[in-house]
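Asks: Would you be able to build a 3D model of this:
(2 chains)
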Amino acid sequence: MASVIDLDGLVVRLGNRTILDHLNGSLTGLCIGLLGPNGSGKSTLLNTLLGFYPPFGGTARIFDKDIRVKTGHLRSMIGYMPESDAFIADMTGIKFVRYMAEISGLPAREAMERAHEAFFYVGLGEVRYRKVGTYSLGMKQLVKLAQALVHGPRLLLLDEPTNGLDPEARQRMLQLVREIRDTQKVHIVISTHLLRDIEECCDQVLILKKGRVAALCNLEEERKANRKFLELEVNQQNGFVEAISSLGCECAAFAGGRLKVVLPENIAVRQIYELAAEHTVQIRRMNYRRDSLEDIFLKAMEDKPEAREIASGRL
Amino acid sequence: MAVYKRSYKVYDGPLTPSGSRFFVLSRYSAAALFDSRLFTGFAIFCCLPFILGAISIYVLHSSMVQALLGMRLSGSEVVNNIWFWVFLQIECWMAFFMTVWSVPGIMMKDLANNALQLYLSRPLSRTEYLLGKISAVMLLLSAITWFPGLLLFGLQAQLEGHGWGGEHLWLMGAIFMGCLLWISVMALLALALSVWVKWRIAASGLMFAAFFVLAGLGQVIDSILRTQWGRLLNIPYVMALIWAHLFRLPSSFVREFRYARVPLWSAWASIISICLICLMLLNRRLKAREVERG
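Replies: Model (predicted):
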């Protein structure tokens, strides 16, 4: 897959502090998660990609264009939803989004049309003539998303999009992000410290820790790779363990009818069900015991040499 | 991204030329100002000197109206460089109040809720942002300063005839240059102070302080140190000195207002320094993101 963002030894210093320290990696996913604890440099990375902070060393490329030289051109392809409040309070929602579209280069008529569309798309159609200052927090988040989408960008940078939202609004926001991702017309980068947000939307994750890359992994591949590891609980073993082993699986039996099975790549879960039926064994519980994103994150946060292995892609 | 389809679509339609996008800011900023009825009323009030000036020029050239009013004055004797100087002094002080009113307002809309990062995350540079804002103010101030000044000059030249316009062509330059200098300094100063304090009332207060408190401070410096250089802190005085030169005011007139205390070059140096300080301040503070030093 073509690279969306290439980090090439990117160093960012603000004042005397090094905020991003030699970031390397190629981000190729349709929806990329930027994960890390507070102060790890997630927002700084987004701001650097937008050209707000100049790189102290190294560089980054978006769609193969260097951020240091093609800033203006790149910004026309990017939609940015900042973390903090960012709006013009005494403008109506529709006027605000139209204004942002016109600044992005859309002619007045097209800008108006797209502003209406963006408002309906994010689900704020009914309140588009109200002043932005009167919106609730959830609405303000959505209007920020609308202004980021209005000019039809190819890359969407969302900085903590679910910040301060109640569970219902959070689900609505994540649903919107998934919908946008599924159109496959725009790449999304979500910066957050919430693992669930990343797990629900992203197919690739870059974990930052103290301004360094702690892990860069493809979540889809991780999910596939770990599907082979099964935990079963059965009512009786009745030759079931031997049958599973004869399929070529590694199997270990424990007290209470618990089994742990490692499936080879050519064995499907369905075959386990068929064997159980043949041996009149009831499967009472089946778990894919896989490394969750939380496990990946916690491993990445450990100050151990294996974290460096994770960083080099050997997770 | 059609409303009825509710699906995302990349925009691939026509785009406006990138060089003219800052005008979008000017247009929206000016429109936002005229949303206020009070401001609209004040803008109309600022046109009053122009209307009165036009009437007086007409009266001075109309023997019939003069006969009706029982007057006997010649247009060319009354409407001269001093007449235009007085007219523009009135207009420029009105422009000062308009600047104090408008500039902090249009800047605070963007600064109060961090909207600046939204502008600068688009294909718009800081310079273009500033250009957009400053052009809105300059257009507005031009409409009440040099533009009516030049219209009155044209009216006078037309009614006077006999090559008056040709003889006083330099006055056109003085009107344009003098007003442009005044409104540029005011607009830059107001923008810089607004961006610096990020608080509308404080920015307006600082504008008054820059024009009046600094003048007082200059006088204090003059008195204590027994010098004249303190006057360079007095922006209206410095401006008046340059204007007196541009409008070729007679020496008696100059002496009367005691303008000739510091040399002209120092007045220009003072104005240029103020502009440079404002630009430096804008460069430091007008950023999408503030960086905490430490």
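Asks: Can you tell me the centre-most residue of the chain?
Replies: You didn't say which chain, so I picked chain A. A:Gly33 (2.8 Å; Cα atoms, centre = their mean).
Asks: Wait, chain B was what I had in mind.
Replies: Mean-position check on chain B, Cα atoms, centre = their mean. Result B:Ile183 at 2.0 Å.
Asks: May I ask you to confirm that that one is in contact with B:Ile144?
Replies: No - between B:Ile183 and B:Ile144 there is no contact under Cβ atoms under 8 Å: 9.2 Å. Just so you know, the C-beta spots here come from the backbone N, C-alpha and C atoms, and that holds for glycine as well.
Asks: shared neighbours, those two?
Replies: B:Ala95 (Cβ atoms under 8 Å, 6 or more residues apart in numbering or on different chains).
Asks: so the residue nearest to the centre of chain A is in which element?
Replies: If you go by DSSP states H and E, A:Gly33 is part of strand A:31-35.
Asks: name the helices or strands packed onto that strand?
Replies: helix A:42-49, strand A:187-192, helix A:195-201, strand A:204-209 (3 or more Cβ pairs under 8 Å, 6 or more residues apart in numbering or on different chains; DSSP states H and E).
Asks: so A:Arg13 sits in a helix?
Replies: No - A:Arg13: not assigned to a helix; according to DSSP: H, G, I helix; E, B strand; the rest coil it is strand.
Asks: If it is in a bridge, with which residues?
Replies: A:Thr18 (DSSP bridges).
Asks: Grab the longest helix from chain B for me.
Replies: Secondary structure of chain B per DSSP state H: the longest helix is helix B:81-111.
Asks: If you count contacts, what does that one end up packed against?
Replies: helix B:22-33, helix B:37-45, helix B:48-61, helix B:126-142, helix B:146-160, helix B:169-197, helix B:200-208.
Asks: Mean confidence (pLDDT) on that helix, please.
Replies: On average, the pLDDT along helix B:81-111 is 92.
Asks: how far off helix B:169-197 does that helix point, in degrees?
Replies: 30 degrees (axes from the mean of the first three to the mean of the last three Cα atoms, to 10 degrees).
Asks: Next, the angle from helix B:81-111 to helix B:37-45.
Replies: Going by the same axes, to 10 degrees, helix B:81-111 makes 160 degrees with helix B:37-45.
Asks: Would you mark the buried spots in helix B:81-111?
Replies: B:81, B:83-85, B:87-89, B:91-92, B:94-96, B:98-111 (16 or more other Cβ atoms under 10 Å in any protein chain shown).
Asks: quick check: angle from it to helix B:22-33?
Replies: 90 degrees.
Asks: right, and B:Gly178 touches B:Phe247 too?
Replies: Yes - checked against Cβ under 8 Å, the pair B:Gly178 and B:Phe247 is within contact range at 6.9 Å.
Asks: Neighbour count for those two, which is higher?
Replies: B:Gly178 (25 against 22; other Cβ atoms under 10 Å in any protein chain shown).
Asks: quick one, what contacts that one?
Replies: B:88, B:146, B:242-243, B:246-247.
Asks: which one of those residues is nearest chain A?
Replies: Closest to chain A out of those is B:Trp146 (29.3 Å), distances taken as Cβ to the nearest Cβ.
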